[in-house]
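test case, fold it:
(chains A and B)
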Amino acid sequence: METMDVPRIKEVRVMDGNRACAYGVLLCKPDLVAGVPITPMTPLVEAIWQFVADGKLDTELMEADGELSALGAVIGASAAGGRTFLGSSSQGLAFLYEAYLKAAGNRLPIVMAVASRETAAPDGVVSSHQDFVGVRDGGWIQIICESAQEIMDTVIMAYRLAEDPDILLPVNVCYDGFYLSYSTERVEIPYEEDVDAFLRPVTGASRPRLCLEEPLTTPTIATGELFCEFRYKHAQAQSRAKAKIDEIDREFQRKFGRSYGGQIEEYRTGDADMVMIAMGSQTGAVREVVDRKREKGEKVGLVKLRTIRPFPRERIISALKGKRAIGVIDRNVCFGWQSGVCFMEVRAALYDLKERIPVAGFIAGIGGADLSMDMVERAFDVLHQAKEGKPYQEIHWLNLE
Amino acid sequence: MVKIVSPFEGPWASAKPNLFAYSTAEWRSKRPIVNIAKCRHCGVCYFYCPVGSVVDRGSYCDVDLSFCKGCGVCAKECPSKAIIMVREMD
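Residues are numbered from 1 along each chain as shown, chains lettered A, B, ... in the order given. Below is the predicted model:
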């Protein structure tokens, strides 16, 4: 394995999340990019088309008439052995859902960005995680980013993960629309040849593909036991992806000097007795509050959930073991449970522990509303009650209280 | 212990000998039988068969039972009444 003593940086640029994503795509050199612009990912499509117009990227571009045909084209190109990319959001993601299921079932290593946006109705072109959590059981891997730099890096890691012969699953790189897609940040861009080297283990790796020499078909008809077998293999691949995500993150750190923790990031959780869990851009506000509270000597920590599929059950358990109260902040609603999706899933994971830890859920930032630091303080106040064994309200809608 | 049948991770299958991972003729409940003596080799069954299972044997038509779904269109359309459908159990 080649190592670099000091990871090198080609250049530092200031760009928003969409452009950071486009740079990640540029570095991974896809064979086909299909695009339908939709707020808040339109500049991502524009940036990729500009790269091609400027001669920086040699890829087939397809201006699809809708998200469903965009993913349809990507499925075909991926089945033929190509590296593919597309981006979508909200209603666009809903519109391509039929092909979304097929992409995963066919085990095609597609990378798709989701600049997450609230789903209609009500009509509000605003930030939320509702779109991608709504399709979490479609069989894809879903990774959620916190910064523009993380978006670029995650796109690179996503290809390494998706195309791994042990995984062969499509990956969603999700980032908060508006908050990340349009926020401008400092981004370090690696050298093209370093990314080539990082992706080399999977570039051109053998996998079933459509070609004239050895004709194959996909998806084949499968019913009964054979259907079960393919579902079982799919589920096993989701399981294997957990360790693989951590492993790829460690290798990324060795080569590029940045780590995101793999499936989850633990921030000051070691001796913490209260831990807040958050996902995406909202993590920043929680991190600030944790720092403030730590300055006052309060033992609090943060777990950033980076993957929701596969759900990092084992990592969550080891991070939360022995804690006295846990809070989960959700930028989405899980109808039927009247909580957020992460709240429900974290609670399910905690069943593995012998001791019973109180968990409180906080719905915040949906409909493009803010999660302010003041709200995070209020959320920690609830955890304080829970920690002391006092009665507490299980679910809070922070923007309404 | 989980039984694994397909060599593929996903629902892929080799296009040889046919395009499916297992025989799609499995669900047939009736199969066509051609009476060669009655067959006038007109080719009506050949054109009517929706899945292309009728094969031309030069002087008469026959059915590829590894692909035939047993719909019975051939028997219904045969002008010479050379094809009959029999239950798979019989």
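
check which helix or strand covers the residue nearest to the spatial centre of chain B.
With distances taken as Cα atoms, centre = their mean, B:Cys68 lies nearest the centre of chain B, 1.9 Å away. Assigned by DSSP states H and E, B:Cys68 belongs to neither a helix nor a strand.

equivalent analysis for the one 3 residues further on, please.
Remark: B:Cys71 resides in no helix or strand, with elements defined by DSSP H and E.

B:Val55 and B:Asp62 touch, don't they?
Yes - assessed by Cβ atoms under 8 Å, B:Val55 is found in contact with B:Asp62 at 5.2 Å. C-beta: built from backbone N, CA, C; applies to glycine.

name the residues of stretch A:247-257 that come out as buried.
A:248-249, A:251-253, A:255-256 (16 or more other Cβ atoms under 10 Å in any protein chain shown).

next one: stretch B:55-66
Neighbour-count burial for stretch B:55-66 [16+ other Cβ under 10 Å]: B:61, B:63.

now swap in stretch A:192-210 and tell me
A:194-195, A:198-199, A:202, A:207-208, A:210.

next: stretch A:328-335.
For stretch A:328-335, a neighbour-count test (16+ other Cβ under 10 Å) marks A:328-334 as buried.

helix or strand: which one has the residue nearest to the spatial centre of chain A?
What sits nearest the mean C-alpha location of chain A, by Cα atoms, centre = their mean, is A:Ile143, with 1.8 Å. Using DSSP H and E, A:Ile143 sits in strand A:141-144.

from the contact counts, what lies against the helix or strand that that strand is followed by?
Sequence-wise, the next helix or strand downstream of strand A:141-144 (DSSP H and E) is helix A:148-162. Secondary-structure packing of helix A:148-162 (3 or more Cβ pairs under 8 Å, 6 or more residues apart in numbering or on different chains; DSSP states H and E): helix A:17-28, strand A:111-116, strand A:141-144, strand A:171-176, strand A:184-189, helix A:192-199, helix A:224-256.

can those go into CSV with extra columns for mean pLDDT and distance to chain B?
Converted to CSV, the helices and strands packed on helix A:148-162 look like this (pLDDT from 0 to 100; distance: least, Cβ to the nearest Cβ, whole Å):
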stretch, mean pLDDT, distance to chain B
helix A:17-28, 98, 22
strand A:111-116, 98, 17
strand A:141-144, 98, 15
strand A:171-176, 98, 15
strand A:184-189, 97, 34
helix A:192-199, 97, 21
helix A:224-256, 96, 5
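
determine which stretch of the ones you listed is the most buried.
The highest mean neighbour count among the helices and strands packed on helix A:148-162, using mean count of other Cβ atoms under 10 Å in any protein chain shown, belongs to strand A:111-116: a mean of 30.

any residues of chain A in contact with chain B? List them.
A:105-108, A:168, A:208, A:214-222, A:225-226, A:229-230, A:232-234, A:237 (Cβ under 8 Å from any Cβ of the partner chain).

can we see that at 7 Å?
Chain A comes close to chain B at residues A:105-107, A:168, A:208, A:215-222, A:226, A:229-230, A:232-233, as judged by Cβ under 7 Å from any Cβ of the partner chain.

out of those residues, list just those in helices.
Mapping these onto helices (DSSP state H) picks out A:105, A:226, A:229-230, A:232-233.

what does stretch A:159-169 rub up against?
Stretch A:159-169 has contacts (Cβ atoms under 7 Å, 6 or more residues apart in numbering or on different chains) with A:28, A:83, A:104, A:107, A:109-111, A:140-141, A:170-171, A:198-199, A:202, A:205-207, A:237-238, A:240-241, A:244-245, A:248, B:9-10.

ok, back up a step: now the helices and strands packed on helix A:148-162 in TSV, with distance to A:Met274?
Output for these, formatted as TSV (distance: least, Cβ to Cβ, whole Å):
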stretch	distance to A:Met274
helix A:17-28	30
strand A:111-116	27
strand A:141-144	22
strand A:171-176	25
strand A:184-189	29
helix A:192-199	38
helix A:224-256	25
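
so which of those is nearest A:Trp49?
Closest to A:Trp49 of the helices and strands packed on helix A:148-162 is helix A:17-28 (Cβ to Cβ; 9.3 Å).

got the contact list for the closest one?
Residues outside helix A:17-28 that contact it (Cβ under 7 Å, 6+ apart) are A:33, A:41, A:43-44, A:47-48, A:51, A:56-57, A:83, A:85, A:113, A:115, A:148-149, A:151-152, A:155-156, A:159, A:175, A:180-181, A:183, A:187, A:189-190, A:192, A:195, A:199.

quick check: mean pLDDT of the next helix or strand after it?
Using DSSP H and E, the helix or strand that follows helix A:17-28 towards the C-terminus is strand A:32-35. Confidence for strand A:32-35, expressed as mean pLDDT, is 95.

so which elements touch the helix or strand following strand A:32-35?
Downstream of strand A:32-35, the first helix or strand assigned by DSSP H and E is helix A:42-53. If contacts are counted by 3 or more Cβ pairs under 7 Å, 6 or more residues apart in numbering or on different chains; DSSP states H and E, helix A:42-53 sits against helix A:17-28, strand A:32-35.

let me know which of those is the nearest to A:Val74.
Nearest to A:Val74 among these is strand A:32-35 (5.1 Å), distances taken as Cβ to Cβ.

helices of chain B, start to end?
Using DSSP H, helices in chain B cover B:44-48, B:73-77.

just the CA trace of the last one, in PDB.
The one in question is helix B:73-77. In PDB, the C-alpha atoms belonging to helix B:73-77 read as follows (Å, rounded to 0.1, in the frame of the first residue of the first chain):
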ATOM      1  CA  VAL B  73     -53.000 -20.500 -28.600                       C
ATOM      2  CA  CYS B  74     -51.300 -23.000 -31.000                       C
ATOM      3  CA  ALA B  75     -54.000 -25.600 -30.300                       C
ATOM      4  CA  LYS B  76     -56.800 -23.100 -30.600                       C
ATOM      5  CA  GLU B  77     -55.500 -21.700 -33.900                       C
END
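
partners of the closest residue to A:Met15 other than its chain neighbours in the sheet?
Among residues not flanking A:Met15 along the chain, A:Val187 sits closest, at 5.3 Å (Cβ to Cβ, 6 or more residues apart in numbering or on different chains). Going by DSSP bridges, A:Val187 is paired in beta bridges with A:Arg13.

confirm for me that A:Val187 is in contact with A:Ile151.
No - A:Val187 is not in contact with A:Ile151 according to Cβ atoms under 7 Å; the separation is 8.6 Å.

got a list of contacts for stretch B:54-74?
B:18, B:23-25, B:27-32, B:34, B:36, B:39, B:41, B:43, B:45-46, B:48-51, B:53, B:83, B:85.

go with 8 Å
Stretch B:54-74 is contacted from outside by B:17-18, B:23-25, B:27-32, B:34, B:36, B:39, B:41, B:43, B:45-46, B:48-53, B:83, B:85, B:88, using Cβ atoms under 8 Å, 6 or more residues apart in numbering or on different chains.

which among these end up buried?
B:18, B:24-25, B:28, B:30-32, B:34, B:39, B:45, B:49, B:53, B:83.

how close does the residue in the stretch 1-150 of chain A positioned nearest to chain B sit to A:Lys242?
Of all residues in the stretch 1-150 of chain A, A:Arg107 sits closest to chain B, at 3.2 Å by Cβ to the nearest Cβ. According to Cβ to Cβ, to the nearest Å, A:Arg107 and A:Lys242 sit 17 Å apart.
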